[in-house]
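Student: Take this sequence and fold it.
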Amino acid sequence: MEARIDKIRKYTFEELKAEMAQEDVQFSGTAAFVIAMTWLDYQRLKKMLEEMPEFRVIYKTFATSKLRIVKLDQWDEFLEWRRNRDE
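Tutor: The predicted structure follows:
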């Protein structure tokens, strides 16, 4: 029997938090961010994250080159574009 999505009760975060044990919500996770910003903004963000005890900044870097995300089916086209750009 299929449940209708509009009939499923929606819980607030506070309701869930009150019902869950601390062990139920602990997990290890990692995240990576790509953010375009000025050097000063980068320094502010890095300092803010390093001062937050609940976060651990393990590796930090910044680059002046743009990140290029290429679809798998456009990889050959991207390589051709890059070869022509470098010539």
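
Student: can you give me how far the lowest-mean-pLDDT helix or strand in the chain is from the chain middle?
Tutor: Lowest by mean pLDDT, DSSP states H and E among the helices and strands of the chain is helix 13-19, with a mean of 80. On the basis of CA atoms, centre = their mean, to the nearest Å, helix 13-19 is displaced by 25 Å from the centre of the chain it belongs to.

Student: Give me the packing partners of it, helices and strands only.
Tutor: Packing contacts for helix 13-19, counted by 3 or more CB pairs under 8 Å, 6 or more residues apart in numbering; DSSP states H and E, involve no helix or strand. Bear in mind the C-beta positions are built from the backbone N, C-alpha and C, glycine included.

Student: going on from that helix, what's the next piece of helix or strand?
Tutor: Following helix 13-19 in sequence order, the next helix or strand is helix 39-51 (DSSP states H and E).

Student: Name the next helix or strand following that next one along the chain.
Tutor: Defined by DSSP H and E, the subsequent element after helix 39-51 is helix 75-86.

Student: Using CSV, list the CA coordinates for that next one.
Tutor: C-alpha atoms of helix 75-86 as CSV (Å, rounded to 0.1, in the frame of the first residue of the first chain):
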residue,chain,number,x,y,z
TRP,A,75,35.5,16.4,-22.0
ASP,A,76,37.1,16.0,-25.4
GLU,A,77,35.7,19.4,-26.5
PHE,A,78,37.1,21.0,-23.3
LEU,A,79,40.6,19.5,-24.0
GLU,A,80,40.5,20.9,-27.5
TRP,A,81,39.5,24.3,-26.2
ARG,A,82,42.3,24.2,-23.6
ARG,A,83,44.9,23.2,-26.3
ASN,A,84,43.9,26.1,-28.5
ARG,A,85,43.9,28.5,-25.6
ASP,A,86,47.5,27.6,-24.6
